[in-house]
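K.L.:
Pasting the sequence and the predicted coordinates here, then a few questions.
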Amino acid sequence: MPTWPSGEPSGARAGRRRRGRLRGSVNEGGFGGQVGWDPAAGPDGPADGADFADGGADGGPEDARGGEAPEAIARQICLRLLAFAPRTRAQLAAALQRRGVPEEAAEAVLGRFAEVKLIDDAMFANAWVESRHYGRALSGRALALELRNQGVPPDDIEAAVDGLDPEQEVATARGLVARRLAATRGEPAPARVRRLIGLLARKGYGQALSYRLVREALEQEGVDLAAAGLDLSDPGDEPSDDEPG
């Protein structure tokens with residue numbers, strides 16, 4: 001086996017370096033100190049710890065690690081996933097279930113990770129809202145739905161989404177319209193309206209706000225909406241069943 005100058009086998013040296021990187025990547029807050037982290041971007045790593053051995057005839061955790069205790073396996077799977085990106089408790093629980101880790105062992109490990117803040121759903125939700133609103137221009141409504149899909153508890157979703165400044169949310173939506181407006185010039189007014197309203201709808205903004213911002217933008221360009229047969233008066237906002245809670 002090749003050795004480093006110290007005489008230590010290179011495989012052992014590399015293994016220690018990998019373990020060091022793993023420990024460094026999951027800091028006290030569980031977010032690895034990733035500045036400008038985009039929860040939905042970058043390498044997520046194995047979604048369910050699939051790089052671990054599948055095990056023997058029974059395919060269970062004990063077989064997978066040669067008799068190693070289920071809690072030890074659960075810790076390794078969770079640390080490996082957290083090294084790639086922050087995860088919610090629900091995501092890790094699902095990953096452990098898929099790998100056949102007994103529920104009691106999984107809950108013990110997840111509880112300990114939550115105690116030491118390696119798992120923090122409230123922090124996850126806040127980081128998600130910050131990143132996805134400013135990075136993807138998503139509305140609070142869309143962010144709440146995404147967080148529910150990540151298994152974040154309703155109270156943490158509500159707190160994170162409520163942290164969005166309503167004026168900032170409007171400014172973000174207005175910026176979306178302004179950036180897309182130039183690309184629609186030369187098209188018939190109805191087509192422009194459809195494209196702009198559709199853009200805001202995909203980002204989760206309500207009809208009332210969308211109509212108002214599109215109307216304002218087109219009128220500032222001198223578009224005569226009435227002459228084009230368009231009525232962008234306030235249609236009233238949609239039902240609030242997509243709100244967190």
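P.N.:
All right, it came through fine. What you are looking at is a predicted structure, and each value in this text was computed from that prediction instead of being measured.
K.L.:
going forward, measure contacts between C-alpha atoms and count neighbours the same way
P.N.:
Noted.
K.L.:
pLDDT weak spots in this protein?
P.N.:
Residue ranges of the chain with pLDDT under 70: 1-67, 234-245.
K.L.:
In it, which helix is the longest?
P.N.:
helix 166-184 (DSSP state H).
K.L.:
Next secondary structure after whichever strand or helix holds residue 94?
P.N.:
In the assignment (DSSP states H and E), residue 94 maps to helix 89-98. Using DSSP H and E, the helix or strand that follows helix 89-98 towards the C-terminus is helix 103-115.
K.L.:
got a list of contacts for that next one?
P.N.:
For helix 103-115, contacts defined as CA atoms under 8 Å, 6 or more residues apart in numbering pick out 70, 71, 74, 75, 89, 92, 93, 96, 97, 119, 120.
K.L.:
Who are the contact partners of the fifth one?
P.N.:
Same thing as residue 89. Residue 89 makes contact with 110, 119, 120, 121, 151, 152, according to CA under 8 Å, 6+ apart.
K.L.:
can you list those residues in TSV and add distance to residue 202?
P.N.:
Output for the contacts of residue 89, formatted as TSV (distance: CA to CA, whole Å):
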residue	distance to residue 202
110	35
119	30
120	29
121	26
151	22
152	22
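K.L.:
among these, which ones are buried?
P.N.:
110, 119, 120, 121, 151, 152 (16 or more other CA atoms under 10 Å).
K.L.:
what's the domain layout of this structure?
P.N.:
The chain breaks down by automatic domain parsing into domains covering 10-119, 121-245.
K.L.:
Show me what counts as buried in the helix holding residue 94.
P.N.:
Buried residues in helix 89-98, counted by 16+ other CA under 10 Å: 89, 90, 91, 92, 93, 94, 95, 96.
K.L.:
got it, and stretch 160-180?
P.N.:
160, 161, 164, 169, 170, 172, 173, 174, 176, 177, 178.
K.L.:
Arrange those residues in TSV, one row each, with distance to residue 136 as further columns.
P.N.:
Formatted as TSV, these follow (distance: CA to CA, whole Å):
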residue	distance to residue 136
160	16
161	15
164	14
169	12
170	14
172	10
173	11
174	14
176	10
177	14
178	15
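K.L.:
Between those residues, which sits nearest residue 229?
P.N.:
residue 177 (20.7 Å; CA to CA).
K.L.:
so what's that closest one closest to, chain neighbours aside?
P.N.:
On the basis of CA to CA, 6 or more residues apart in numbering, the spatially nearest residue to residue 177 that is not a chain neighbour turns out to be residue 196, at 6.4 Å.
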